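Student: this one's structure only:
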């Protein structure tokens with residue numbers, strides 16, 4: 001397990017852009033004004049790539065899923081939030097990720113306790129570590 005630190009500006013942009021999006025520094029700088037209380041980022045390695053989760057309190061409260069595509073072929077994938085209390089919620093549809101991209105989705109579901117992100121890419125199923133808001 002790896003703990004990754006994301007700048008407050010980049011995470012604010014992820015929180016503001018609830019739909020799946022590729023992030024850039026200009027997008028992060030454009031929406032740095034939103035405030036949320038953020039838990040630590042927890043990541044799982046998928047080869048040289050990473051699947052990460054973070055709890056978010058405030059508005060929007062919930063969980064952030066992020067996939068860091070550092071190498072390999074372009075993939076098509078889906079995120080699902082899976083919680084220890086039995087709650088689960090899928091993202092808004094498949095996304096593609098190419099080398100150098102970060103794909104992120106905010107599950108604005110409030111505090112569901114301990115949750116992790118499941119990512120399905122082709123025949124592979126991957127999980128982040130559990131996080132809480």
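Tutor: Received, thanks. Every value quoted in this text rests on a predicted model; they were computed, and no experiment measured them.

Student: may I ask which helix or strand of this structure has the lowest mean pLDDT?
Tutor: Using mean pLDDT, DSSP states H and E, the weakest-scoring helix or strand in the chain turns out to be helix 25-30, at a mean of 33.

Student: surely residue 127 and residue 45 touch.
Tutor: No: counting by Cβ atoms under 8 Å, residue 127 does not reach residue 45; the two are 11.6 Å apart. (C-beta placed from N, C-alpha, C; glycine too.)

Student: more crowded one of the two?
Tutor: residue 127 (15 against 12; other Cβ atoms under 10 Å).

Student: so what's that one up against?
Tutor: By Cβ atoms under 8 Å, 6 or more residues apart in numbering, the contact list for residue 127 reads 44, 51, 82, 116-119.

Student: now the residue nearest the centre of the chain: which helix or strand?
Tutor: Residue closest to the average C-alpha location in the chain (Cα atoms, centre = their mean): residue 65, at 1.5 Å. For residue 65, the host element (DSSP states H and E) is strand 62-68.

Student: can you list the strands that that strand pairs with?
Tutor: Strand 62-68 sits in its sheet next to strand 49-58 (antiparallel), strand 102-107 (antiparallel), going by DSSP bridges.

Student: list the buried ones in stretch 57-68?
Tutor: 60-68 (16 or more other Cβ atoms under 10 Å).

Student: tell me how far the closest residue to residue 118 other than its chain neighbours lies from residue 55.
Tutor: Spatially, and ignoring its direct neighbours in sequence, residue 118 is nearest to residue 80 (4.5 Å; Cβ to Cβ, 6 or more residues apart in numbering). Distance, residue 80 to residue 55, using Cβ to Cβ, to the nearest Å: 16 Å.
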